[in-house]
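Chemist: Provided below for reference: sequence and predicted model.
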Amino acid sequence: DKIRTFCMNPHGVVVNENTNGIITVNGHSYSDPSLFTENTNFALLVSSHFTEPFHESNAYGESIARLSNMLGGGVIVQRFGDLIRGQRSTQDRIDSGFVRPTLKATPGDLSLVIPKRQLDDIIEMIYALDKVAPSTASDDTLLYGVEVKFYNMEVEVDHHLETSRKGLYVIGDCSGVTHSLSHASASGVYAARNLIESRKHKN
């Protein structure tokens, strides 16, 4: 399984997102130093690829997010130490920890929400990160769940990002090909360069 970090926010905050009525979690940083926190937040993305006959990956991710909402009334927060010990986090345990939460969320148990395979991936990744960033696997590290990335089905394009309709190019995340801001931006630049080259040859 591939697990990666993304959306790292030094001095950041965790925030709610509403996706089609489902409350999920995200994070960001403010440019104003007066709004800085003592925390750094980041997301862990577990990429799941399914085989036939399953083809409802967005619905699968949505069902996990809905389960979180059902159990926690929205986003659930759990201390890493509690997750490892198989116990639900309580407000008292969170309040007594070193990490100050930046989002009001329901203390709970993410093992009741996230499937075992993905949860094992997340735990393994946190221990791996702890080797390069000590204290990542601290008992007091707060895990918020869930963040779900909904990707579109891929549009069929050639190596210039042109569709079967001549002159129609699909770039960015709407193509289903790119999955990040940098990739989306790069696809636009790539398509533009190809257009310039094709016009040069026509002239």
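Modeler: Okay, I see it.

Chemist: contacting residues for residue 103?
Modeler: Shown in contact with residue 103 (C-beta atoms under 8 Å, 6 or more residues apart in numbering): 13, 14, 15, 16, 25, 75, 77, 144. C-beta: built from backbone N, CA, C; applies to glycine.

Chemist: need these in TSV with distance to residue 41 and pLDDT, can you?
Modeler: Converted to TSV, these look like this (distance: C-beta to C-beta, whole Å; pLDDT from 0 to 100):
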residue	distance to residue 41	pLDDT
13	7	97
14	5	96
15	10	95
16	13	95
25	10	94
75	13	96
77	12	98
144	8	97
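
Chemist: Name the single longest helix found in this structure.
Modeler: When the chain is parsed with DSSP state H, its longest helix is helix 181-202.

Chemist: Can you tell me what sits against that helix?
Modeler: 160, 161, 162, 169, 171, 172, 173, 175, 177, 178.

Chemist: residue ranges of the strands in the protein, please?
Modeler: All strands of the chain, identified by DSSP state E, fall at 2-10, 13-19, 22-28, 40-47, 76-79, 106-107, 142-145.

Chemist: Within the sheet, what are the partner strands of the fifth one, with directions?
Modeler: Right, the one you point to is strand 76-79. strand 106-107 (parallel), strand 142-145 (antiparallel) (DSSP bridges).

Chemist: That one: which residues count as buried?
Modeler: Residues of strand 76-79 classed as buried by neighbour count (16 or more other C-beta atoms under 10 Å): 76, 77, 78, 79.

Chemist: so what pLDDT did the last one get?
Modeler: I take that to be residue 79. With respect to pLDDT, residue 79 scores 98.

Chemist: Of all the strands of the chain, which one is nearest residue 59?
Modeler: Closest approach to residue 59 among the strands of the chain (C-beta to C-beta): strand 22-28, 11.6 Å.

Chemist: All good on my end, thank you.
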